[in-house]
Structures are given as structure tokens and as C-alpha cells.
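[1] No sequence on hand, only this structure:
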């Protein structure tokens with residue numbers, strides 16, 4: 001079981017009046033950084049389970065039509081397969097030209113990830129969503145209309 005992979009201890013003070021940071025009991029202090037029990041016992045990122053990449057192609061081959069079993073248009077089926085085969089947290093690594101994908105299926109872990117984010121977290125745009133908003137439907141997404149999915 002992998003827990004606390006992304007957890008950092010935060011104070012319980014609201015950030016810019018919006019939401020509270022995680023309030024995890026502090027166990028000890030290592031090199032001047034407060035550590036929680038969960039963070040101190042967290043396993044490394046390299047141990048997050050997922051389909052094993054092959055040399056050169058990584059896991060990209062799994063998305064090739066007629067060869068791989070994953071279809072990029074069927075994220076729900078990919079998610080279900082990952083959950084059934086690897087559990088509450090899974091990753092797909094080795095995607096050519098793309099960062100690893102980490103899937104978190106446990107609501108308690110998702111809460112920890114969100115509460116551990118900084119005030120302005122970096123969330124890179126999905127190329128398909130960017131194309132849809134800035135090319136196909138640029139007439140609709142003008143000004144401050146970001147859309148529910150991207151927010």
C-alpha cells in the first residue's frame with residue numbers, strides 16, 4: 001500500500017481565505033523539515049505499480065491501434081483496468097514525449113494530494129482540450145470563460 005507519496009505537512013491556516021491546508025500530526029523533524037508519520041513511511045515513486053514499459057517504446061505501444069489494448073478515447077476503460085490490476089494508485093510511465101500519468105482512485109488519497117498543493121499549483125494543459133478551446137471553439141471560450149473541466 002502506498003500512502004503519503006505527495007504529502008507535506010501544512011499549517012491549518014486558510015490560504016488566501018479559500019481552503020485549509022492539510023493538518024497532519026507531526027512525528028519528528030528531519031533536517032529542519034517537519035515530517036508526518038505518513039510521509040516518513042511513504043514508499044518511493046519508483047514503487048508505484050503500473051504496466052511495465054518495454055525498452056525504447058516504453059508504454060506508448062499500449063496506445064497504438066490494433067497493437068495495444070488501450071484506446072486514448074476510452075480513459076474510463078483504462079482507469080478501470082488500472083484499478084483492477086494495480087490497486088488504488090497506479091502509474092503509466094514511459095510515454096514518448098509525455099510525462100508519466102499517475103492515477104489515484106482513493107478519495108482520501110485524492111484529498112491529501114489536493115490539500116498538499118501550493119496555492120497556485122501547476123497543471124499542464126491537455127493538448128486535446130487546448131486545441132478544442134483555442135481552435136475549434138475559440139468563439140465560445142473568450143475572456144474569463146475557462147470551462148468547468150479545465151478549472
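    Alright, I've got the coordinates. Every value quoted in this text rests on a predicted model; they were computed, and no experiment measured them.
[2] Can you check the pLDDT for residue 101?
    With respect to pLDDT, residue 101 scores 89.
[3] Could you do residue 55 as well?
    At residue 55, pLDDT is 92.
[4] likewise residue 10?
    For residue 10, pLDDT reads 36.
[5] Ok, residue 93 next?
    For residue 93, the predicted pLDDT is 94.
[6] what sits against the nearest residue in space to it that is not next to it in sequence?
    Closest residue to residue 93 apart from its sequence neighbours, by C-beta to C-beta, 6 or more residues apart in numbering: residue 100 at 4.3 Å. Bear in mind the C-beta positions are built from the backbone N, C-alpha and C, glycine included. For residue 100, the contact set (C-beta atoms under 8 Å, 6 or more residues apart in numbering) comprises 91-94.
[7] Mind doing that once more with 10 Å?
    Counting by C-beta atoms under 10 Å, 6 or more residues apart in numbering, residue 100 makes contact with 45, 48, 50, 53, 58-59, 91-94.
[8] Looking at these, spot the one nearest residue 79.
    Comparing the contacts of residue 100 against residue 79 with C-beta to C-beta picks out residue 92 as the nearest, at 10.6 Å.
[9] sorry, back to before: would you mind stating the distance between the residue nearest to residue 93 and residue 90?
    11 Å (C-beta to C-beta, to the nearest Å).
[10] Of the contacts of residue 100, just the buried ones, ChimeraX syntax please.
    To isolate the buried ones among the contacts of residue 100 in ChimeraX, judged by 16 or more other C-beta atoms under 10 Å, type:
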select :48,50,53,58,59,91,92,93,94
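[11] quick one: which of the contacts of residue 100 is nearest to residue 74?
    residue 92 (13.8 Å).
[12] Could you check how far the residue nearest to residue 93 is from residue 56?
    For residue 100 relative to residue 56 (C-beta to C-beta), the value is 17 Å.
[13] if you skip the residues just before and after it, what's nearest to residue 87?
    Closest to residue 87 by C-beta to C-beta, 6+ apart is residue 49, at 6.5 Å.
[14] now do residue 90
    Nearest one to residue 90, counting by C-beta to C-beta, 6+ apart, is residue 82 at 4.1 Å.
[15] Now that neighbour: which helix or strand?
    Following DSSP states H and E, the helix or strand that holds residue 82 is helix 75-86.
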